[in-house]
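Visitor: Attaching a predicted model along with its sequence, questions to come.
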Amino acid sequence: VFNIGGMNQEGDLDRVVLLKWNSIKQEIETDTLFPRLPQTVSYPSATYLNGSICVAGGKNEANPGGLNNFWKLDLSVGWSERDKMEWKELPVWPGPGRYGSVLLSQNNGYNHCLYLISGKSHDDYLTDVFEYNPIHGDARSTWIQKSDAPRAAMVAAAATIGQTHLMVFSGSDGHDVDKIMELKDQYSFTRDILAYHTITDTWIKVGELPFGVVATHALHWNDGWLIPGGEIRPGRRTNVVLYGPPDSIAEKSFLHWLDCTVLGFYFLFITLMGTYFSRQKDKGTKGYFLGGGKIPFWVAGLSIMASSVSSIGFMAT
């Protein structure tokens, strides 16, 4: 586990520490020989992509409203040559600087990309989403803005699910922040669980947590998600560990009245058409298989195509 940046009683940090579990000694070992960040930063967002650690955003004393930075540390040189590693600055997203964002790696249907979601910039809680596709290399790859999230999700726990989804658990959306001192223990973060589909570029709500929690992580465990500790309201921490089984989060789908109407007309049309043609005089084999030779070539061609291409193929095309 990499511990990157952060803050202690002395201020913002720029160090990178690797924590490793020694199963023989049954203890945690620390490795501090990795290169330091280009500058001190707290509340950064980081993830792993194609053999590199990527870090975006954060804040420090010189930039309290949020940093507009994107750094990459290539780990492919090997652990034994950590002295040759160095942080590389890459093109930043077109939006404002921010801290407390979600940064995850997920497939967009072609290859793995980075997704930067929400965060806070000065006093603004952001809902914008950006995708970074590394396929063109460091020099040419740029960020593309995607559909906004339904709400802000500052310092939210997040994880990937399946091949094309991102899950965002709770997070701070900025509601009633001006009443925190007045509400005190009555204040709570949103409990919503959101899912983003990287191919369709759409968001849906898929469930709720027992209580809102921020400043923690969502980890894959036993095919579900584990959310340890965190902050349940400003200044109030918790030692509760939440676990969501894989079948506990599911989208509830309902047909709209328009969907039902279309389906009803479709079945009625098919029934009437079948009734009409069943009463035709030409009921021989040629009439059944060839339509009596009256079908134009282009209709036959379309029929062959419709038979050979699956419904999934039509939708994908």
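Guide: Okay, I see it. Numbering: from 1, shown residues only.
Visitor: which phi and psi does Val55 have?
Guide: Backbone torsions of Val55, given as degrees, to the nearest 10, read phi -130, psi 130.
Visitor: do you know how far it is from Arg233?
Guide: Val55 sits 28 Å away from Arg233, going by Cβ to Cβ, to the nearest Å. All C-beta spots, glycine's among them, are computed from the backbone N, C-alpha and C.
Visitor: more neighbours, those two?
Guide: Each of Val55 and Arg233 has its neighbours counted (other Cβ atoms under 10 Å); Val55 has more, 24 against 19.
Visitor: who's that one bridged to?
Guide: Ala46, Trp71 (DSSP bridges).
Visitor: how close does it get to Trp203?
Guide: According to Cβ to Cβ, Val55 stands 25 Å off from Trp203.
Visitor: and the helix or strand harbouring Ile193, how far from the chain's centre?
Guide: Assessed by DSSP states H and E, Ile193 sits inside strand 192-197. When C-alpha coordinates are averaged (Cα atoms, centre = their mean, to the nearest Å), strand 192-197 and its chain have centres 8 Å apart.
Visitor: moving C-terminal of it, what's the next helix or strand?
Guide: That would be, after strand 192-197 and using DSSP H and E, strand 202-208.
Visitor: and the following helix or strand past that next one, what's its mean pLDDT?
Guide: Remark: after strand 202-208, the chain's next helix or strand is strand 219-221, criterion DSSP H and E. What strand 219-221 shows for mean pLDDT is 89.
Visitor: Can you show me the helices along this structure?
Guide: Using DSSP state H, the helices found in the chain span residues 180-183, 257-278, 285-290, 297-308, 311-316.
Visitor: any idea of the mean pLDDT for the second one?
Guide: Right, helix 257-278. Rounded mean pLDDT across helix 257-278 is 91.
Visitor: same thing with the shortest one?
Guide: Regarding helix 180-183, the rounded mean pLDDT is 82.
Visitor: Check the third one too.
Guide: Averaging pLDDT along helix 285-290 gives 74.
Visitor: Not counting that helix itself, show me its contacts.
Guide: 280, 292-293 (Cβ atoms under 8 Å, 6 or more residues apart in numbering).
Visitor: Of those residues, which is the most crowded?
Guide: Gly292 (13 neighbours).
Visitor: Number of residues surrounding Gly65?
Guide: Gly65 has 15 nearby residues by other Cβ under 10 Å.
Visitor: Surely it and Gly100 touch.
Guide: No. Between Gly65 and Gly100 there is no contact under Cβ atoms under 8 Å: 11.8 Å.
Visitor: Bridging across strands, which residues link to Ile28?
Guide: Beta-bridge partners of Ile28, counted by DSSP bridges, are Trp21.
Visitor: OK, contacts around it?
Guide: Counting by Cβ under 8 Å, 6+ apart, Ile28 touches 19-22.
Visitor: got those as a markdown table, with pLDDT columns?
Guide: Output for the contacts of Ile28, formatted as a markdown table (pLDDT from 0 to 100):
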| residue | pLDDT |
| --- | --- |
| Leu19 | 95 |
| Lys20 | 94 |
| Trp21 | 95 |
| Asn22 | 95 |
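Visitor: closest to Thr40 among these?
Guide: Ranked by distance to Thr40 (Cβ to Cβ), these are led by Leu19 at 20.0 Å.
Visitor: what's the closest of the contacts of Ile28 to Ala195?
Guide: Using Cβ to Cβ, those come closest to Ala195 at Leu19, 29.6 Å.
Visitor: Grab the nearest non-local neighbour of the closest one.
Guide: Closest residue to Leu19 apart from its sequence neighbours, by Cβ to Cβ, 6 or more residues apart in numbering: Val1 at 4.6 Å.
Visitor: roughly how far apart are that neighbour and Lys20?
Guide: Taken as Cβ to Cβ, the span from Val1 to Lys20 is 8 Å.
Visitor: And for Ala306?
Guide: 57 Å.
Visitor: what residue ranges in the stretch 101-250 of the chain score low on pLDDT?
Guide: Low-confidence segments of the stretch 101-250 of the chain (pLDDT under 70): 248-250.
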